[in-house]
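Novice: sequence plus predicted model, see below.
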Amino acid sequence: MTPEQFLAQIQKQAPAGVYFFLGPETYTRKECRRALTDRVLSEEEREQGLTRHDLDEVSVDAVLDDARSLSLFAPVRLIWASAAEAAVPKDADAHAGLAAYVKDPTPGVTIVFDSSRFDFDGEDKSKQERVRKHYGPIKDVVEFARFDERRARDLAKRLAGEQGLRMRADAIEALVEALGADAARIAMEIEKLALYANGREITAAELANGLIADGRATTIFALVNALGRRDRPASLALLDTLVREGEYLPLALTFLGTQFRLALVAREQGLRSAGDIQIFFQKQGIAMWRQRAEQVSATVGAFPREKLEGAIGKVFAADRALRDTRPDDRVVMEEFVLELTR
């Protein structure tokens with residue numbers, strides 16, 4: 001079921017004995033976790049009734065044993081078992097025990113097995129399918145897929161309305177793109193923008209001029225230019241600037257990937273001037289303001305087609321590396337720079 005279906009279900013009926021939360025998206029997962037906690041436990045019951053387990057450290061059987069144990073101090077309990085994917089290789093025999101528990105769950109106890117590491121597509125797909133199969137006896141599965149741009153735009157519009165924030169359509173587009181359609185970051189930025197705007201309308205130009213993240217777009221564009229010149233020292237120095245400024249490196253990589261993709265399209269269409277680039281992308285329904293069009297034009301001039309295609313492939317590889325278990329983001333990005341400046 002979707003997160004929306006889950007939220008509707010627990011409002012209409014008592015929660016199930018066991019749930020399986022699957023997928024990487026964090027914003028709706030947080031909403032569902034909060035709603036389930038509110039549904040199962042009162043504020044007074046949470047100190048004794050809420051239990052957290054990490055399946056990196058304990059087994060599925062240990063979680064089930066905990067659920068079966070009765071407590072004089074907590075007649076109603078919610079047990080949260082995170083890192084559920086960690087149990088797949090080490091708890092191969094837990095399937096039967098899980099199946100038996102699902103058939104006869106402990107009254108008054110709700111268990112959530114939570115797996116957030118693997119995505120639904122790409123290289124993660126087969127890994128996630130193994131995790132899903134391992135928890136197959138659980139019938140109530142909630143899938144947390146990443147937001148696509150349309151869904152992220154809808155969320156941004158809704159949250160802006162709730163915050164009383166007026167944003168033009170191009171500003172919504174710019175915000176969603178700048179944040180890589182990351183719902184959690186969109187929610188955080190809209191809350192900050194509402195305080196900043198104080199009732200006036202926010203434009204895309206303001207976002208482009210650093211309203212979201214203190215001028216990071218300028219630094220990232222300088223990094224694009226340095227990569228185009230194959231200037232390794234300058235590229236590493238600019239990366240160091242992003243790190244020192246506290247930049248979220250996966251988001252910086254998203255900026256780079258978007259810049260390369262737009263430049264590749266512009267090159268394939270034979271677009272050279274910033275004016276032509278702005279007109280073309282606006283006709284395609286893509287937010288494109290003058291400053292951004294000038295940056296795309298400069299990137300087209302700095303990168304031949306073959307290098308743009310190679311850079312996009314390396315962005316994809318770096319993105320996969322950044323999603324790995326506990327990656328060192330800086331090392332991944334440094335390797336990305338070294339690859340592009342050979």
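Specialist: Good, I have the coordinates.

Novice: so where do the strands sit in this structure?
Specialist: 18-22, 50-54, 77-82, 109-115, 141-143, 166-167, 201-202 (DSSP state E).

Novice: so for Arg261, which of those sits nearest?
Specialist: Closest of the strands of the chain to Arg261 is strand 166-167, at 24.1 Å (criterion: CB to CB). Using the backbone N, CA and C atoms, a C-beta is placed for each residue, glycine as well.

Novice: now find how far off-centre the closest one is within its chain.
Specialist: Its chain's average C-alpha position is 24 Å from that of strand 166-167, according to CA atoms, centre = their mean, to the nearest Å.

Novice: and that strand, which strands flank it?
Specialist: strand 201-202 (parallel) (DSSP bridges).

Novice: biggest helix in the chain, by residue count?
Specialist: If you go by DSSP state H, the chain has its longest helix at helix 249-268.

Novice: residues in contact with that one?
Specialist: By CB atoms under 8 Å, 6 or more residues apart in numbering, the surrounding residues in contact with helix 249-268 are 177-180, 182, 185, 216-217, 220-221, 223-224, 242-243, 277, 280-281, 286, 295-297, 299-300, 303, 305, 308-309, 311-312, 315-316, 318-319, 322-323, 329-330, 332-333, 336.

Novice: just the buried ones from these?
Specialist: If you count burial by 16 or more other CB atoms under 10 Å, the buried members of the contacts of helix 249-268 come out as 177-180, 182, 185, 216-217, 220-221, 223-224, 242, 277, 280-281, 295-297, 299-300, 303, 308, 311, 315, 318-319, 322-323, 329, 332-333, 336.

Novice: got the strands of the chain as JSON lines, with mean pLDDT, distance to Thr258 and mean neighbour count columns?
Specialist: JSON lines is the format used below for those (pLDDT from 0 to 100; distance: least, CB to CB, whole Å; neighbours: other CB atoms under 10 Å):
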{"stretch": "strand 18-22", "mean pLDDT": "94", "distance to Thr258": "28", "mean neighbour count": "24"}
{"stretch": "strand 50-54", "mean pLDDT": "89", "distance to Thr258": "35", "mean neighbour count": "15"}
{"stretch": "strand 77-82", "mean pLDDT": "91", "distance to Thr258": "32", "mean neighbour count": "21"}
{"stretch": "strand 109-115", "mean pLDDT": "92", "distance to Thr258": "29", "mean neighbour count": "25"}
{"stretch": "strand 141-143", "mean pLDDT": "95", "distance to Thr258": "27", "mean neighbour count": "19"}
{"stretch": "strand 166-167", "mean pLDDT": "83", "distance to Thr258": "20", "mean neighbour count": "20"}
{"stretch": "strand 201-202", "mean pLDDT": "74", "distance to Thr258": "20", "mean neighbour count": "16"}
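
Novice: okay if I get those strands as CSV plus distance to Arg151?
Specialist: Compiled in CSV, the strands of the chain are given as follows (distance: least, CB to CB, whole Å):
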stretch, distance to Arg151
strand 18-22, 18
strand 50-54, 29
strand 77-82, 25
strand 109-115, 21
strand 141-143, 13
strand 166-167, 17
strand 201-202, 21
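
Novice: and Thr2, which of these is closest to it?
Specialist: Taking these one by one with CB to CB, strand 141-143 is closest: 6.6 Å.

Novice: who does that closest one pair up with?
Specialist: Counting by DSSP bridges, strand 141-143 is paired with strand 18-22 (parallel).

Novice: any idea how far Arg146 is from Tyr27?
Specialist: Counting by CB to CB, to the nearest Å, the gap from Tyr27 to Arg146 is 10 Å.

Novice: the helices in the stretch 101-250 of the chain, which residues?
Specialist: 124-134, 149-163, 169-178, 183-197, 204-206, 216-228, 232-244, 249-268 (DSSP state H, counting those that start in this stretch).

Novice: tell me the pLDDT of the spatially closest residue to Glu45 that is not a sequence neighbour.
Specialist: Distances taken as CB to CB, 6 or more residues apart in numbering put Val76 closest to Glu45, at 6.0 Å, once the chain neighbours are dropped. pLDDT, Val76: 86.

Novice: residue contacts, Val76?
Specialist: Val40, Leu41, Glu45, Gly49, Gly108, Val109.

Novice: if we use 7 Å, what do you get?
Specialist: Val40, Leu41, Glu45, Gly49, Gly108 (CB atoms under 7 Å, 6 or more residues apart in numbering).

Novice: in PyMOL, how would I select the buried members of the residues you listed?
Specialist: To isolate the buried members of the contacts of Val76 in PyMOL, using 16+ other CB under 10 Å:
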select buried, resi 40+41+45+49
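
Novice: would you turn the contacts of Val76 into CSV with distance to Ala252?
Specialist: Converted to CSV, the contacts of Val76 look like this (distance: CB to CB, whole Å):
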residue, distance to Ala252
Val40, 39
Leu41, 40
Glu45, 43
Gly49, 42
Gly108, 47
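
Novice: can you tell me which of the contacts of Val76 is nearest Glu129?
Specialist: Val40 (29.5 Å).

Novice: for the closest residue in space to the closest one that isn't next to it in sequence, name its beta-bridge partners.
Specialist: Excluding the flanking residues, the one nearest Val40 by CB to CB, 6+ apart is Leu78, at 4.6 Å. Beta-bridge partners for Leu78, by DSSP bridges, are Leu50, Thr110.

Novice: I figured Leu78 hits Thr37, correct?
Specialist: Yes - counting by CB atoms under 7 Å, Thr37 is a contact partner of Leu78 at 6.2 Å.
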